[in-house]
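Q: Just need the structure, nothing else, for what follows:
(2 chains)
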Amino acid sequence: MSAMRRGALAALWLMSMLAGGGALIAPAAAQQKTLKFVPEADLRSLDPIWTTAYITRNYGYMVYDTLFAVNEKFEVQPQMVDKWTLSDDKLTYTFVLRDGLKWHDGQPVRSADCIASIERWAKRDALGQKLADLTDAWTPVDDKTFTLRLKRPFSLTLDALAKPSSNVPFIMPERVAKTDAFTQITESIGSGPFKMVKEEWVPGNKVVFVKNTDYQPRKEAPSWASGGKTVKVDRVEWVYIPDSATAAAALNAGEVDWWQMVPPDLVPLLAKNKDIKVENTDPLGSIGLIRFNQLHPPFNNAKMRQALLFLVNQQDYALAIAGDAKQGKPCPSFFTCGSPAESRVGSEVLTGKRDLAKAKQLIQEAGYKGEKIVVLSATDQPIVHSQGLVTTELLKSAGLNVELAANDWGTLINRRAVKEPIEKGGWNIFHTWLVGPDMTNPAINYPMRGVGEKSWFGWPSDAKMEELRNAWFDATDPGQQKQLIDDMQKHAWETVPFIPTAQFVIPTAYRANVSGLLISPVAFLWNVEKK
Amino acid sequence: MLGYTIRRLLATIPVIGMVALFVFSLLYLTPGDPAAVIAGDIATVDDIERIRQKLGLDQPFLTRFLVWASAVLQGDLGISIFTNLPVTQLIGQRVGPTLSLALCTLIVAVAVAVPMGVVGAWKAGKLVDRLVMLFSVAGFSMPVFVLAYVLIYLFAVDLDWLPVQGYAPLRDGFWAWLRHLILPSIALGTIYIALIARITRAAMLEVLAQDYVRTAHAKGLAPSAVLLGHALKNAAVPIVTIIGIGVALLISGVVVTESVFAIPGIGRLTVDAILRRDYPIIQGVILLFSTVYVLVNLVVDLSYRFFDPRIQY
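A: Numbering: from 1, shown residues only, chains lettered A, B, ... in the order given. Next up, the predicted model:
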């Protein structure tokens, strides 16, 4: 091969690489109405059952649909289901699917798809597992009708099928839903309002969706994940911009249309631009929390955990997390403030005067001997790290021997799974946050669980809490259910499985030519218009 | 020359092998668990353990290394734990932007830095030389991300001349491709310009003090002919060496630049993979980077003969 020919081939290869890996796909978006959306995180996995990551949940809402969904009044509404009935003995549900439901490949949605999807979801989701425990059988009657036979009445059946946050019981084709629940699916065939353009997916950069023209929205107005999911743009591009300052500049320059989560310190900068609107569209926000390791001293002693209740000032945490009173507020409840489960029973312990002397007295009664307390933190997660810094100072003010172990989130979530004492790589406290929908009732409020080593990290054992939770599951009267929630909260102030630090909202920002954003705990992209 | 090239190419094999072993060991010892990231905040320890088993992360070090190494020998860098896509495909998606950025940066850097260094040496001690030195010190001292933000603010947000972020492949048009690369290349190239300009100046100063340069002047050659025809060629060896060494600087700079300008290149792929402990990607990318670095050094070594025929291999 001559030198000239080699050079020509090398140049050709280089050109093909620069041209985009040789895939000469014509830009289809030129004449289309394209909404460029900067999501909260990078989409890494396409399986909303395999992972609980919120970004994958949000992707799920684009591509898939659900049998039922919750509206803004926390009422369960049919979504893919047209009609449903419950037998007089409250043991058999019969569901009939809506007409015209189709997968993105044009095939009709069948009962068998729904059953397989719910069964896979139930293997991973806590509420799903509860439903599975009480399930006698799922039976297809015909392609559009199927039944659920329960072992005993379960008043939360429809709530489970309408679960709004991770893991959401999305409906997938049967062949996909038959995948083992611990193995990731790779297909992206749903029946939802958008279709993913998988060949344009560049992980870490861009996810492209187009309008599903076969989708038939319900006639009702959209309300959270329920109602008519009418898509008003041709194409949506999720453009992941990891750097906040760059994302702000891109929105300012009009390169993107909507930035889902704006860090509080950049809000004033964006608010100066008259072409940008900054709003809070999340009615429930998120809840920060302090979690204790109850396997080892000193926080295996309830008095040590109670001591912190007299130190924590939720205003401080709200300010540290949100930076602004408009975005953060106290929420002295173990259940999401603003949801029907919000309770103020016993909340005085957090809302009353902060009492350092009382805290010190409890610490003394707990027999604390100056042992080191390791507080895990993640500097790449500002919400986690700001809480960690506040808690560390509080503990020091009470005379405790504290070490702030600041690392990245990947290290934190690895270390918090260690059940050993701190000398062997364990921990005492970590912080995180949960989205509001994840704490709206005892069924999904997993940090309150008290099943020992099967509990969430921290592993509290609390038989009474479990007893109250089971009673809540069995209760059929709403008044009785609310009373049990209050009882759980009263008990939680004594056992302190965690401490809620603040309720905060991360604002969203969008160009003035964008409209129709839904007020919802999830950033849904249907109903959104771009002029 | 051919024999030397073959020997050097063969010598890269154990080097890459050592890199592979080192990287694998390092990741094995680094705290973090992709299963915990996958499972999410809500998972229990049991969930995480089941995912670890599914991914084979519970296997002993040697088993995992041998499985990975034998796959690599067959050209298979593995599957990303998170995206479930082949690592070669992910790298393939990212090569274009990174190659574009590196090439533009290199062109800008060499085109600006070499003349700067030559002029600085030619006018040594004068105002121009002081300005060259000032730029070198400032350029070397300023972090890439700070300069990147300043450039974005000035040229993208305030003047609206260039895009803030992103990358357009060549198929979208040459201007679209180039305009996305101008700011990142300047941001990334500044430190490189400073480095090459300093070395060029120093090498030129040494050469300009040689007898044959004085002879060339005495013969009445024009200053440009002396500088470019005689001095620069003889000063080229250290300049080419520093350009080669600078590739490592470029690789680390690419990581920061791609993050700030949201360019979907290999640098960002690496950072994202490290943060979520996507081991196959980290291993694949580091292997790629180390191979590129070894080959660039080989090319630099071979180029010495072009600039100085006295060098024999």
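Q: Count the neighbours of residue 124 for me.
A: This is for chain A. 23 (other C-beta atoms under 10 Å in any protein chain shown). Backbone N, C-alpha and C define where each C-beta goes, glycine included.
Q: please go with chain B instead
A: Neighbours of B:A124 (other C-beta under 10 Å): 16.
Q: residues contacting residue 129?
A: Just going to use chain A. Taking C-beta atoms under 8 Å, 6 or more residues apart in numbering or on different chains, we find A:Q129 in contact with A:122-123.
Q: was after chain B, sorry
A: B:119-121, B:123, B:201.
Q: distance between whichever strand or helix holds it and the chain's centre?
A: Assessed by DSSP states H and E, B:D129 sits inside helix B:127-141. Relative to its parent chain, helix B:127-141 has a centroid offset of 23 Å by C-alpha atoms, centre = their mean, to the nearest Å.
Q: what's downstream of that helix, the next helix or strand?
A: Past helix B:127-141, the next helix or strand by DSSP H and E is helix B:144-151.
Q: contacts for that next one?
A: Residues contacting helix B:144-151 (C-beta under 8 Å, 6+ apart): A:245, B:183-184, B:186-188, B:190-191, B:253, B:256-257, B:260-261.
Q: tally of neighbours for residue 269?
A: With no chain named, the answer covers chain A. 17.
Q: Chain B, not that one
A: 29.
Q: Tell me the confidence at it?
A: Looking at B:L269, its pLDDT reads 92.
Q: Turn the buried ones among the contacts of B:D129 into a named ChimeraX selection, would you?
A: Here is the ChimeraX selection string for the buried members of these, based on 16 or more other C-beta atoms under 10 Å in any protein chain shown:
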select /B:119,120,121,201
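Q: out of the contacts of helix B:144-151, which are inside helices?
A: If you go by DSSP state H, the contacts of helix B:144-151 have A:245, B:183-184, B:186-188, B:190-191, B:253, B:256-257, B:260 in helices.
Q: ok, which pair from those is furthest apart?
A: A:A245 and B:I191 (19.9 Å; C-beta to C-beta).
Q: More neighbours: which of the two?
A: More crowded of A:A245 and B:I191, by other C-beta under 10 Å: B:I191, with 23 against 19.
Q: quick one, what contacts the more buried one?
A: B:139-140, B:142, B:144, B:249, B:253.
Q: Recalculate using a threshold of 7 Å.
A: B:139-140, B:144, B:249, B:253 (C-beta atoms under 7 Å, 6 or more residues apart in numbering or on different chains).
Q: Now the residue of the stretch 1-150 of chain B at minimum distance from chain A: closest residue in space that isn't a chain neighbour?
A: Closest approach between the stretch 1-150 of chain B and chain A, counting by C-beta to the nearest C-beta: B:G40, at 3.2 Å. Of all residues not flanking B:G40 in the chain, A:T52 sits nearest, at 3.2 Å (C-beta to C-beta, 6 or more residues apart in numbering or on different chains).
Q: And for the one you found, the neighbour number?
A: Counted with other C-beta under 10 Å, A:T52 comes out at 22.
Q: Read off the pLDDT value for it.
A: With respect to pLDDT, A:T52 has a value of 87.
Q: ditto for A:R6
A: 49.
Q: near chain B, which residues of the stretch 151-300 of chain A?
A: Contact residues (C-beta under 7 Å from any C-beta of the partner chain) of the stretch 151-300 of chain A with chain B: A:166, A:182-184, A:186, A:202-205, A:241-243, A:245-246, A:249-250, A:252-253, A:255.
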